[in-house]
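Asker: Sequence first, then the predicted structure:
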Amino acid sequence: MVMTSPAVSTVPHRWPTPEGRWTEPDLHLFPQDGHRYEIVDGSLHVAPPEPESHEAIVRGVVTTLRAAAPPGWWVCDRLGVEIGDSNLVPDVTVLRPRSSGAVWCDPADVALVVEVETTATRRFDRLLKPSLYAEAGIAAFWRVEPGRASPLLHTYELGAARYRTVHSIEGAEPVKLDAPYPVRVAPAAWI
């Protein structure tokens, strides 16, 4: 008796594309498959699923920020930020007290966004996303690079319509930061 397996479909799944620009409701068409779907100025951007090492760093950053958060502050992973015709999903978002609580938060409610780089998102996280966050008036931005021994944290604060570097921190020795609120960080603890 010969057994055959059922045919596996190799036809890629296709989603309808808008006639014009991509908008926030279009993002609801996509599955929760680990990819990151974002819109930049009406154009769709898709990043592949992140490796477990990325997820470990995100969890570490969230834990550090939540432990230091004053009452009323919110620390969220993958909370969308609506910036004009763009819908971005930072790895970590810190919301000020009395934020709107909307599914896509208003940049005025955001005190800090954090991006953890991967090979696939490096240029997006270093160039495009910070420029959009700065344009929206988000006061603080952190970028985490996976390092050889430990992650490397770069902190930025908003100056005249762009971010300026404040710190570059690596290793296990805790460093005190003042933004978005007083917090001690030790990037080596995030892996």
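Answerer: That came in fine, so what should we check first? Numbering: from 1, shown residues only.
Asker: What residue, apart from its backbone neighbours, is nearest the residue most central in space within the chain spatially?
Answerer: The chain has Pro90 as the residue nearest its centroid, 1.8 Å off, counting by CA atoms, centre = their mean. Setting aside the residues directly before and after it, Pro90 is nearest to Val113 in space (CB to CB, 6 or more residues apart in numbering), at 4.0 Å. Heads up, the C-betas are built off the backbone N, CA and C, glycines and all.
Asker: With Val61 instead?
Answerer: Leaving out its chain neighbours, the residue that sits closest to Val61 by CB to CB, 6+ apart is Val92, at 5.2 Å.
Asker: and if you look at Pro180?
Answerer: Ala111 (3.8 Å).
Asker: so that neighbour sits in a helix?
Answerer: No. Ala111 is assigned strand when assessed by DSSP: H, G, I helix; E, B strand; the rest coil, not a helix.
Asker: Let me know the average pLDDT across stretch 90-108.
Answerer: Averaging pLDDT along stretch 90-108 gives 91.
Asker: Could you list the buried residues of it?
Answerer: Neighbour-count burial for stretch 90-108, counted by 16 or more other CB atoms under 10 Å, picks out Pro90, Asp91, Val92, Thr93, Val94, Leu95, Arg96, Ser99, Cys105, Pro107.
Asker: Asp91 is in contact with Val58, correct?
Answerer: Yes. Using CB atoms under 8 Å, Val58 is in contact with Asp91, at 5.0 Å.
Asker: any shared contact partners between these two?
Answerer: The contact sets of Val58 and Asp91 overlap at Asp77, Val116 (CB atoms under 8 Å, 6 or more residues apart in numbering).
Asker: coming back round to it: for the residue nearest to the centre of the chain, what are its contacts?
Answerer: Pro90 makes contact with Arg78, Leu79, Val81, Val113, Val114, Glu115, Lys129, Tyr133 under the criterion CB under 8 Å, 6+ apart.
Asker: For the residue nearest to Val61, which residues are in contact?
Answerer: By CB under 8 Å, 6+ apart, the residues touching Val92 are Val58, Val61, Val62, Leu65, Val75, Cys76, Asp77, Leu112, Val113, Val114, Val116, Trp142.
Asker: from those residues, which ones fall inside strands?
Answerer: In this view, the contacts of Val92 that belong to strands under DSSP state E are Val75, Cys76, Asp77, Leu112, Val113, Val114, Val116, Trp142.
Asker: Please enumerate the helices of this structure.
Answerer: 52-68, 122-123, 129-135 (DSSP state H).
Asker: out of the ones you listed, deepest packed?
Answerer: Among those, helix 129-135 has the highest mean neighbour count (mean count of other CB atoms under 10 Å), at a mean of 19.
Asker: Show me what that one is packed up against.
Answerer: strand 80-83, strand 86-88, strand 110-116, strand 140-145, strand 163-170 (3 or more CB pairs under 8 Å, 6 or more residues apart in numbering; DSSP states H and E).
Asker: mind redoing it with 7 Å?
Answerer: Applying 3 or more CB pairs under 7 Å, 6 or more residues apart in numbering; DSSP states H and E, one finds that helix 129-135 makes contact with strand 86-88.
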